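> Model the following, please.
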Amino acid sequence: MAKQHPGPHAQAPAHKGQRWWRVMCLTGLDYFSTLGYQPGIAALAAGLLSPVATIVLVIVTLCGALPVYRRVAKESPHGEGSIAMLERLLSFWQGKLFVLALLGFAATDFMITITLSAADATAHLVENPHLSGALHGKQVLITLILIALLGAVFLKGFSEAIGLAVGLVGVYLVLNVVVVAVGLWHVVTAPHVVTDWSNALTAQHGNIVAMIGVSLVVFPKLALGLSGFETGVAVMPHIEGDEGDTENRPTGRIRGTRKLLTTAAVIMSAFLITTSFITTLLIPADEFQPGGAANGRALAYLAHQYLGGAFGSVYDASTIAILWFAGASAMAGLLNLLPRYLPRYGMAPHWARAVRPTVLVLTGVAFLVTWIFDAGVDAQGGAYATGVLVLISSAAIAVTIAARKAGQRGWTVGFGVISAVFAYTTVINIAERPDGVKIGACFIAAIILISLASRLARSFELRVTDVALDPVAERFVRDSAHRSIRLIANEPNNGDLAAYRDKTQQIRTDHGIPVEDDLVFVEVTVRDPSDFEAELMIRGEVRHDRYRVLTLEHSSIPNALAALLLHVRDATGQQPHIYFEWTEGNPFAQFMRFFLFGQGEVAPVTREVLREAESDPSRRPRVHVG
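This is a model prediction of the structure:
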């Protein structure tokens with residue numbers, strides 16, 4: 001099995017890391033910062049019904065998304081999230097392509113988090129009454145500068161990001177408490193506001209059943225309020241565990257992550273309900289429209305309206321800061337997620353495990369997305385919601401399957417219902433805003449095409465993470481080292497005595513090998529050819545009381561044989577020889593068989609892998625074909 005490559009920010013010992021509430025501030029940059037635009041989006045989508053629709057969103061959050069991701073944290077405690085859970089259910093190329101598709105939607109989610117948040121930070125900056133005249137028309141430039149500054153923070157180091165996140169989230173939440181309290185006070189002291197809203201709502205929708213029905217219809221448009229859960233799981237490796245934790249059983253980390261998810265969901269739910277209520281009742285409907293003073297900045301509008309320009313500017317500054325830095329949680333998620341999969345699949349160069357080159361690439365992609373969307377907040381909402389909903393739906397399906405396999409009937413039914421709700425929401429969102437699928441498809445196509453090209457270029461790498469021999473295999477190698485080490489590449493078969501006898505005689509005749517020289521058979525079984533690299537386990541067997549056989553399991557026959565030969569050379573100090581028969585067939589077709597299925601024309605590919613791995617011909621194991 002391939003070794004797991006942790007993300008560049010993952011902590012090696014399970015008990016190291018940060019307190020869960022500090023990491024909550026990191027994921028809260030994404031989750032809590034949506035207060036900057038969520039009330040306005042809800043008002044545009046649901047109008048007077050915004051508070052009721054938001055209550056539906058909160059119910060789905062607490063009764064749907066939260067239980068799902070608490071289970072994901074238990075099932076996948078190393079930050080891979082639901083993608084890793086689904087990966088375990090599928091194998092071969094269909095599994096890899098499915099995971100890459102989910103990675104495409106994850107990239108959509110995280111990347112649009114960076115660009116949309118920076119764009120909304122720009123909107124708050126440009127719409128500030130004291131700055132509007134000087135900055136109007138420079139939205140794209142300002143957004144690009146904010147994204148560049150975010151990348152610079154990650155180039156400097158990740159510890160600075162968490163420290164900054166704690167301060168930004170703390171100040172932002174306190175300021176929002178003040179705005180909400182003042183807004184509620186104005187609602188309470190002006191009873192006609194509630195009465196006017198209630199009468200208008202009844203006149204528009206008739207009864208509570210109709211209101212709930214409409215709320216369910218518009219709910220997909222409010223899905224941005226669910227944006228923090230996948231990020232919360234992605235940053236799990238930063239949470240400290242207990243002293244007795246191991247990477248296989250990080251109990252403390254799981255407990256801390258569940259506290260993080262639950263606390264963040266409760267805090268956000270309280271803010272979502274109260275902010276949608278006060279903004280709907282206190283802000284004129286036309287101010288939410290594009291070009292209106294509350295578009296994309298409803299709470300900032302109230303801060304200026306009821307607390308004055310000084311407090312409003314402080315609130316703007318805090319909102320701008322957290323929205324700008326909201327991309328930090330997304331950047332951290334990508335930096336932990338992509339290196340776990342792409343290099344292991346052979347579908348990314350080795351620099352994908354390094355932080356700085358990856359940050360530069362992601363920053364460049366964010367520049368491109370900002371330019372394409374012209375730094376518009378509303379324009380990116382569909383793509384963002386699609387990425388969020390696809391990931392949450394996949395997580396719900398993954399935990400449903402996990403519960404079913406564990407024989408937990410009640411949880412299976414419950415998670416199945418949640419999966420249906422999120423699947424419905426995803427389909428409705430895609431039907432109404434297909435831009436999200438288009439952007440996701442672009443990310444998926446880019447990841448798959450570039451990754452396959454990278455895998456093709458790296459096909460002749462050794463692709464073995466470690467070589468381990470059992471005691472019998474070690475004895476075979478040790479005994480052969482007293483003479484010339486001669487190995488016969490043999491296809492695994494039924495182990496017929498005549499087949500081994502005939503193959504031995506043929507090799508001796510074709511290559512003039514003396515009778516006194518020992519021959520050892522090597523048989524490679526291909527398990528999952530879509531795996532790029534894996535540990536090589538070698539077992540020794542004696543068959544028919546006379547034929548020694550080394551059996552190997554790997555994703556590619558040539559790469560496994562090359563790794564074995566180099567290991568034998570290093571262990572014995574002798575150059576081993578390996579003998580093949582030519583394979584019939586078109587060379588191009590044979591290469592494609594090797595690329596896709598790990599087989600094909602084994603002899604020349606084995607030699608090419610050896611040539612790539614050992615540049616000195618005098619030290620290179622010998623390959624013979626007859």
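> how about the strands of the stretch 501-626 of the chain, start to end?
520-526, 534-543, 547-554, 577-580, 622-625 (DSSP state E, counting those that start in this stretch).
> Quick one: closest of the ones you listed to Ser313.
Closest approach to Ser313 among the strands of the stretch 501-626 of the chain is made by strand 534-543 (57.5 Å; Cβ to Cβ). (C-beta placed from N, C-alpha, C; glycine too.)
> Pairing partners for the closest one, with directions?
Here strand 534-543 is paired, per DSSP bridges, with strand 464-469 (parallel), strand 547-554 (antiparallel).
> Adding mean neighbour count and mean pLDDT, write the ones you listed out as TSV.
Below are the strands paired with strand 534-543 laid out as TSV (neighbours: other Cβ atoms under 10 Å; pLDDT from 0 to 100):
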stretch	mean neighbour count	mean pLDDT
strand 464-469	17	85
strand 547-554	21	89
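> Show me the shaky parts of the stretch 351-500 of the chain.
For the stretch 351-500 of the chain, the stretches with pLDDT under 70 are 351-355, 378, 494.
> so what's Thr412 up against?
By Cβ atoms under 8 Å, 6 or more residues apart in numbering, the contact list for Thr412 reads 400, 403-404.
> Equivalent analysis for Leu226, please.
Neighbouring residues of Leu226 by Cβ under 8 Å, 6+ apart: 57, 60-61, 65, 388-389, 392.
> same thing with Leu362?
Leu362 makes contact with 111, 114, 151, 331, 334-335, according to Cβ under 8 Å, 6+ apart.
> which SSE is it in?
helix 355-372 (DSSP states H and E).
> Which SSE is immediately downstream of that helix?
Using DSSP H and E, the first helix or strand after helix 355-372 is helix 377-405.
> ok, Arg197 to Ile278 distance?
Check again: residue 197 is Trp, not Arg. Here Trp197 is placed at a distance of 11 Å from Ile278 (Cβ to Cβ, to the nearest Å).
> Looking at these two, which one has more neighbours?
Remark: of Trp197 and Ile278, Ile278 carries more neighbours, 26 against 17, as counted by other Cβ atoms under 10 Å.
> can you give me the angle whichever strand or helix holds Gly312 makes with helix 377-405?
If you go by DSSP H and E, Gly312 is part of helix 298-341. Between helix 298-341 and helix 377-405, the angle comes out at 50 degrees (axes from the mean of the first three to the mean of the last three Cα atoms, to 10 degrees).
> returning to what we had before: highest neighbour count among the contacts of Thr412?
Thr400 (22 neighbours).
> which one is that one nearest to, not counting chain neighbours?
Sequence neighbours aside, Phe415 is the residue nearest to Thr400 in space, at 4.0 Å (criterion: Cβ to Cβ, 6 or more residues apart in numbering).
> number of nearby residues for the one you found?
With other Cβ under 10 Å as criterion, Phe415 counts 25.
> re the thing from before, just name the closest of the contacts of Leu362 to Pro51, please.
Ile114 (29.8 Å).
> wait, what's in contact with that closest one?
Contact analysis of Ile114 by Cβ under 8 Å, 6+ apart lists 147, 150, 326-327, 330-331, 362, 366.
> at 6 Å instead, please
Neighbour list for Ile114: 327, 330, 366 [criterion: Cβ atoms under 6 Å, 6 or more residues apart in numbering].
> hang on, the second one packs against Met111?
Going back to what we said before, that points to Ala330. No - counting by Cβ atoms under 6 Å, Ala330 sits too far from Met111 to count as a contact (7.1 Å).
> Looking at these two, which one has more neighbours?
Legend: neighbour count by other Cβ under 10 Å for Ala330 and Met111, higher for Ala330 (30 against 25).
> And that one, how close does it get to Glu608?
41 Å.
> and if you look at Pro357?
Separation of Pro357 from Glu608 (Cβ to Cβ): 28 Å.
> Ok, Arg70 next?
In this view, Arg70 and Glu608 are 49 Å apart by Cβ to Cβ.
> can you check Leu184 too?
To Glu608, Leu184 is 72 Å away according to Cβ to Cβ.
> Of the contacts of Thr412, which is the nearest to Leu97?
For those, the nearest to Leu97 is Thr400 (21.8 Å; Cβ to Cβ).
> who touches the closest one in this structure?
415-416, 419.
> at 7 Å instead, please
412, 415-416, 419 (Cβ atoms under 7 Å, 6 or more residues apart in numbering).
> With Thr108 instead?
Contacts of Thr108 (Cβ under 7 Å, 6+ apart): 383, 386-387, 439-440, 443.
> what's around the closest residue to it other than its chain neighbours, how many residues?
Counting by Cβ to Cβ, 6+ apart, Gly387 is the residue found nearest to Thr108 once chain neighbours are left out, at 3.7 Å. The number of residues packed near Gly387 is 28, by other Cβ under 10 Å.
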